[in-house]
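1. 3D, please:
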Amino acid sequence: MESILLWIVGLIILYVIIYLAVKDAIDKSEVGKILIKKYGIKEEIVTISNEDIEKELEDDERR
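-> Numbering: from 1, shown residues only. Just a heads-up that it's a prediction; the model follows:
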């Protein structure tokens, strides 16, 4: 049981290292720079809480 847990943790760490290395390499490569210039960087999706939505709807109803 303990060895399986160590394998899982090791694989997760390895995944993070490879992911960050590939992302960094793509960002610094010439092809990556060209793609960023051509298409730009996608903005992260902004999440809005349900409370904020309800407050905004209430404000609109009062008007």
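2. Downstream of the top helix by length along the chain, the next helix or strand is which one?
-> Looking across the chain with DSSP state H, the single longest helix is helix 2-28. Toward the C-terminal end, the helix or strand that comes next after helix 2-28 (DSSP states H and E) is helix 30-39.
3. list the helices and strands that following helix packs on?
-> Under the contact definition 3 or more CB pairs under 8 Å, 6 or more residues apart in numbering; DSSP states H and E, helix 30-39 sits against helix 2-28. All C-beta spots, glycine's among them, are computed from the backbone N, C-alpha and C.
4. one step back: got the angle between the longest helix of the chain and helix 30-39?
-> 70 degrees (axes from the mean of the first three to the mean of the last three CA atoms, to 10 degrees).
5. Determine the set of other helices and strands touching helix 2-28.
-> helix 30-39.
6. Show me which residues of the helix it packs on are buried.
-> Of all the residues in helix 30-39, not one is buried under the rule 16 or more other CB atoms under 10 Å.
7. Just the CA trace of that helix, in PDB.
-> Listed next in PDB are the C-alpha coordinates belonging to helix 30-39 (Å, rounded to 0.1, in the frame of the first residue of the first chain):
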ATOM      1  CA  GLU A  30      10.600  31.200 -31.700                       C
ATOM      2  CA  VAL A  31       7.500  29.300 -32.700                       C
ATOM      3  CA  GLY A  32       5.900  30.100 -29.400                       C
ATOM      4  CA  LYS A  33       6.700  33.800 -29.800                       C
ATOM      5  CA  ILE A  34       5.200  33.800 -33.300                       C
ATOM      6  CA  LEU A  35       2.000  32.100 -32.100                       C
ATOM      7  CA  ILE A  36       1.600  34.500 -29.200                       C
ATOM      8  CA  LYS A  37       2.100  37.500 -31.600                       C
ATOM      9  CA  LYS A  38      -0.400  36.000 -34.100                       C
ATOM     10  CA  TYR A  39      -3.100  34.700 -31.800                       C
END
